[in-house]
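Colleague: Kindly generate the corresponding structure for this input.
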Amino acid sequence: RQMLSEHGINLTTATLSNWVRQCADLLEPLVAEIEREVLMDEIVQFDETRIRVRDPTHNKNIRNGHLWLFCGRPGAVLCKASSTRSGELPKEVFAKYRGFVQADAAQPFDGVFASPDRVEVGCCAHARRYFEDAAKKGDQICQWTIMAIAKIFKTDKDVKKTGTLEDLIEARHKVSKPIVDRLFKWFNELKVTMIESDAYFDGVRYATNQEQALKEFLTNPRLELSNSRVERNMKRIAIGRRNWLFAGSPAGAERAATIYTIILSCQELGLNLWEYMDHVLKILPSTPKKQVWMLTPLEWKRHQSERE
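Modeller: Okay, here's the model as predicted:
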């Protein structure tokens, strides 16, 4: 509103809010197609973040809400809103999905992995954080663990610069797997005698509870070591959250999720968001339902590359 007023365009907050509502409603079929793209991939990363939502039915007129991100192939990012963190929403999203699902092992996510159709992939960066916190206190076990995990990340980074997927799986087998095996042998030995006051207690407990999930990256070169892609997109939401503070209603949170789906997908592909939205909002109302898939950011990028 302030930016528009600087150009002599004075609009009320209500008018701008109404425009956002209409745009979000218009974009819903497109978001459904992006969701389809996300779930077509063999690997999906997901996570959630908390937002504040105005709700007159709540005794304080404001409550916690949650935005969930689901990332498939680059350029396919789905955002959804829920009123709770119970895990029901990701269970619904993944209900018919078969493939690898990467998350940080939070308790509400467990329901997603109840089906054998979904293989849980752990987040090595999340596991590393437990040891980083303890290493700051001078614990040598944690310091060695951090160096070992750093070697695994460096191996991946070096190979990905110029290597192929075949090169990556070979490097993981020759370099990373012996480190992983040694780490977990050590963790399982420590687990027998450790007590809660040990600096490494939380890290070892997390790692051993997630052993199979944290080792899964060794089976498929397309699997990432961490959930960092989702976390990068979450940071973009967090930056915005500091500006808009809260969603104006539960419906407003859902509209925010719709618009974030478009924004984050475009950002990953390096698309000019203004050009994309200008085009899509003009032609979407007259686009047959069966052709909406042609307007997703991924398809827009593909057509853009063909024109170039």
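
Colleague: in the stretch 201-308 of the chain, which ranges drop under the pLDDT threshold?
Modeller: Applying pLDDT under 70 to the stretch 201-308 of the chain picks out residues 245, 308.

Colleague: can you rerun that using 90?
Modeller: Applying pLDDT under 90 to the stretch 201-308 of the chain flags residues 228, 235-253, 303-308.

Colleague: Then the stretch 51-200 of the chain?
Modeller: 51-65, 83-87, 104-111, 114, 130, 133-143, 197-200.

Colleague: That one: helices as residue ranges?
Modeller: Taking DSSP state H, counting those that start in this stretch as the test, the helices found in the stretch 51-200 of the chain are 88-93, 124-135, 140-162, 165-171, 177-193.

Colleague: List the contacts of the third one.
Modeller: Residues outside helix 140-162 that contact it (CB atoms under 8 Å, 6 or more residues apart in numbering) are 124, 127-128, 131-132, 134-135, 167-168, 171-172, 175-176, 179-180, 182-183, 190, 199-200, 203, 225. Placement of C-beta: from N, CA and C, glycine included.

Colleague: Tell me which stretches of this protein form strands.
Modeller: Using DSSP state E, the strands found in the chain span residues 43-54, 62-71, 77-82, 99-102, 118-121.

Colleague: can you give me the offset of stretch 11-18 from its chain's centre?
Modeller: When C-alpha coordinates are averaged (CA atoms, centre = their mean, to the nearest Å), stretch 11-18 and its chain have centres 31 Å apart.

Colleague: Hmm, I typed the wrong one, I wanted stretch 220-228.
Modeller: Computed by CA atoms, centre = their mean, the chain-centroid distance of stretch 220-228 equals 12 Å.

Colleague: Quick one: end-to-end distance for that stretch.
Modeller: End-to-end span of stretch 220-228 (CA to CA, to the nearest Å): 18 Å.

Colleague: Using neighbour counts, pick out the buried residues of it.
Modeller: Using 16 or more other CB atoms under 10 Å as the test for burial, stretch 220-228 gives 220-221, 223-227.

Colleague: what comes into contact with that stretch?
Modeller: For stretch 220-228, the external contacting residues (CB under 8 Å, 6+ apart) are 42-43, 45, 47, 100, 102-104, 121, 123-126, 152-153, 156, 165-166, 168-169, 172, 216-217.

Colleague: ok, R182 - how many residues close by?
Modeller: Residues lying near R182 (other CB atoms under 10 Å) number 11.

Colleague: same deal with E268?
Modeller: 20.

Colleague: Pretty sure it sits against G72.
Modeller: No. Contact criterion CB atoms under 8 Å: E268 and G72 do not qualify, at 10.6 Å.

Colleague: residue contacts, the spatially most central residue of the chain?
Modeller: In the chain, the residue lying closest to the centroid (CA atoms, centre = their mean) is V230, at 2.5 Å. For V230, the contact set (CB under 8 Å, 6+ apart) comprises 45-47, 69, 71.

Colleague: farthest-separated two in these?
Modeller: Of all pairs drawn from the contacts of V230, the widest gap by CB to CB lies between D47 and C71 and measures 9.0 Å.

Colleague: which helix is the longest one in the protein?
Modeller: Identified as the longest helix of the chain according to DSSP state H is helix 13-40.

Colleague: tell me the average confidence for that one?
Modeller: What helix 13-40 shows for mean pLDDT is 90.

Colleague: Which other helices and strands does that helix contact?
Modeller: Applying 3 or more CB pairs under 8 Å, 6 or more residues apart in numbering; DSSP states H and E, one finds that helix 13-40 contacts strand 62-71, strand 77-82, helix 250-269, helix 273-283.

Colleague: Just the pLDDT at R1, thanks.
Modeller: 66.

Colleague: same question, the one 5 residues further on
Modeller: On pLDDT, E6 comes in at 76.

Colleague: for V38, what are its contacts?
Modeller: Going by CB under 8 Å, 6+ apart, V38 touches 44, 70-73, 76-78.

Colleague: separation between it and M234?
Modeller: 16 Å (CB to CB, to the nearest Å).

Colleague: And for G75?
Modeller: Here G75 is placed at a distance of 17 Å from M234 (CB to CB).

Colleague: can you redo the helices of the stretch 51-200 of the chain as a markdown table with distance to C23?
Modeller: A markdown table is the format used below for those (distance: least, CB to CB, whole Å):
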| stretch | distance to C23 |
| --- | --- |
| helix 88-93 | 23 |
| helix 124-135 | 35 |
| helix 140-162 | 38 |
| helix 165-171 | 39 |
| helix 177-193 | 47 |
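
Colleague: circling back to that earlier point, are any of the contacts of V38 buried, and which?
Modeller: Of the members of the contacts of V38, the ones counted as buried by neighbours, 16+ other CB under 10 Å, are 44, 70-72, 76-78.

Colleague: Could you export those residues as JSON lines, including distance to A256?
Modeller: Listed next are these as JSON lines, based on distance: CB to CB, whole Å:
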{"residue": "V44", "distance to A256": "21"}
{"residue": "F70", "distance to A256": "16"}
{"residue": "C71", "distance to A256": "18"}
{"residue": "G72", "distance to A256": "20"}
{"residue": "A76", "distance to A256": "19"}
{"residue": "V77", "distance to A256": "14"}
{"residue": "L78", "distance to A256": "13"}
